[in-house]
Structures are given as C-alpha cells and as structure tokens.
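*Asks:* got a structure for you, letters missing:
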C-alpha cells in the first residue's frame, strides 16, 4: 500500500553551497577549455550523482595524483590537499587547477599560522576525511586530531599552556561547540581561529533542519553516504525529534518510513544538486501529495570566484 503524506516542507537553504558550486563549475569549465580527459583527484564533491555526471562528460577520478599522466590537466577537489600532494603534482608537471573551497583554504592558513607560532594544534574532525587529511598535512608534526569530548579528555600534550584549535568545516555545530568548551576547560589558555571554522552553509543548513524537524514527522535528507555535512543533517533532525533518513534519490524511499506520516520535511546536503530534490518532490506528487511549501530560515548570497586559471582562460 502506497502511503501519501499530506504535506511536503522544503528546508531553505538546502543543497549546493558556494564552494561546491565553484568546484563543479571548475571541472565543467576545465572540460570545455581543455577537452577530455580532465583528471580529478578524489571526488570533486561528495555526491555520487554529481561525480557520475562529470564522469560521463570525460572527467577521470583518481585516488592519487601519482596516477595522473605526466603533464595532464588535473583538478584538486573542494576538500583541499596537503602540501605533499602539491609537490607530487609539481614533480609530474601536472596542469593543476585548484578547486579547494576558499573556506577550507582559510583553515589551512590557520593551521600554518598556529604552527609557525609554535602551538600544538588540536583539530576537531573526522579521521580519514579528505579535508582533515589535507589540513593536517600542513603541519603533521604539530597537529593532533580529536573527534569527541572523550578524545579531548584523553589528550596528553607536551605544553598545555600553548595550544590552539581548528576544525573541519562540515561538522555538527552543536557537537563542535561542546568539544571546544571541553578543550577550554582542559586548556584554559587555548586559542582558536578569529572566526568560526564551520562554514556558513553547514551552519545554515543545520539551522534550517532544526526548524524543519519541529514541523515534520519525517525528514528526508538527499546526499551521499560519504558526505559529512549530509550525515550531520540527519543527526540534527533526529536530535530535534523527527524520524530522519539519508537517501541518494527518491528511489531509496522505503514504504515503511511513510506509515502514519502527515508531513515530510526535505533537505539536501551541500553537495547535492537541486534536481534530486525536485525528483523527490515529484515522487510524492505522483502519489497524490499536493501541499508543497518552503520553510525559509536564512537567506544566502555567498558566491566564490572560479579558480584563477579558469578565469584567465575564459578571459
């Protein structure tokens, strides 16, 4: 039996952030300017649909810059890379176009600044995430990673009076705040970045989902399983009282989720294109849901320029 919710409520803002939009456009423009193949180190953004669309256009995704043919055009993903990766690319004479999100670049610069000042740097983030690996690569002998308040409690640092912290840009706002508070309890003289490392888009999407969860029985977040910010949206929705699931697209909606559901909230991670959201809306319209509205929480107008090599080539 097909269950038909009475209402759909769409979180706003949702979907592409300025950094993702810039990164995807960078690969598209590189393909237009240089022709296929264009090599991309790692996934340009963490979304299976986007990666597959670019692959069909001629992008070749590789795990390492060492897999790229000498001299080939290569795009670095939005998540950033360690200096060692840049050195490898230079030694292979790769034509590099750097699509690192400017907000990730900001965290890299903070890491370098704190390292130059002799601080032990505590990075709040998820082990194995590409953004974390790239940032820690800026000063690997000076940065330690924590993922939880328990990790903070277990820290043993050589000089507890000279400590700084930075964070991954796509974390849970509330969890990160709690970890920072624990760091300040343990290391009263700790210093941090001048402005919050968690990016505006992550913060805004979590704020929208908090409000959405209070109005909905079920929240569906469109995003891929390896997308940190998408997973955080699901966690936030659950914390604020709604049943919530992460899906790549409408085909993954399970019938049992919809039993006794009156209102479905919909959001999408910062690397998920709007067409996937509209596909989910059409899925419910086809079932008979006619009440579709937006929940406007924050207005966004952030834009980032394309990387310099792209701008110069277009000019």
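*Replies:* Okay, I see it. The shown structure was predicted, so the numbers you read here are calculated from the model rather than taken from an experiment.
*Asks:* What average pLDDT does stretch 298-306 get?
*Replies:* For stretch 298-306, the mean pLDDT works out to 96.
*Asks:* Other residues contacting that stretch?
*Replies:* For stretch 298-306, contacts defined as C-beta atoms under 8 Å, 6 or more residues apart in numbering pick out 12-13, 17-19, 21-22, 25-26, 29, 101-102, 200-201, 204, 207-208, 311, 314. Backbone N, C-alpha and C define where each C-beta goes, glycine included.
*Asks:* Quick one, which of these are buried?
*Replies:* 12-13, 17-19, 21-22, 26, 29, 101, 200-201, 204, 207-208 (16 or more other C-beta atoms under 10 Å).
*Asks:* now, which of those residues sits nearest residue 122?
*Replies:* The closest of the buried ones among the contacts of stretch 298-306 to residue 122 turns out to be residue 101 (C-beta to C-beta; 21.7 Å).
*Asks:* distance of the closest residue in space to that closest one that isn't next to it in sequence from residue 182?
*Replies:* Closest residue to residue 101 apart from its sequence neighbours, by C-beta to C-beta, 6 or more residues apart in numbering: residue 19 at 3.1 Å. Taking C-beta to C-beta, to the nearest Å as the measure, residue 19 falls 28 Å from residue 182.
*Asks:* cool, and residue 167?
*Replies:* To residue 182, residue 167 is 13 Å away according to C-beta to C-beta.
*Asks:* Looking at the two now, which is surrounded by more residues?
*Replies:* Comparing residue 167 with residue 182 by neighbour count (other C-beta atoms under 10 Å), the higher total belongs to residue 167, at 24 against 18.
*Asks:* So which elements touch the helix or strand hosting residue 151?
*Replies:* In the assignment (DSSP states H and E), residue 151 maps to helix 149-153. For helix 149-153, the elements it packs on are helix 173-186, judged by 3 or more C-beta pairs under 8 Å, 6 or more residues apart in numbering; DSSP states H and E.
*Asks:* rewinding a little: what element comes up after the helix holding residue 151 heading to the C-terminus?
*Replies:* Next element after helix 149-153 (DSSP H and E): strand 163-167.
*Asks:* and that next one with helix 173-186, angle?
*Replies:* 180 degrees (axes from the mean of the first three to the mean of the last three C-alpha atoms, to 10 degrees).
*Asks:* Sweet, I'm off.
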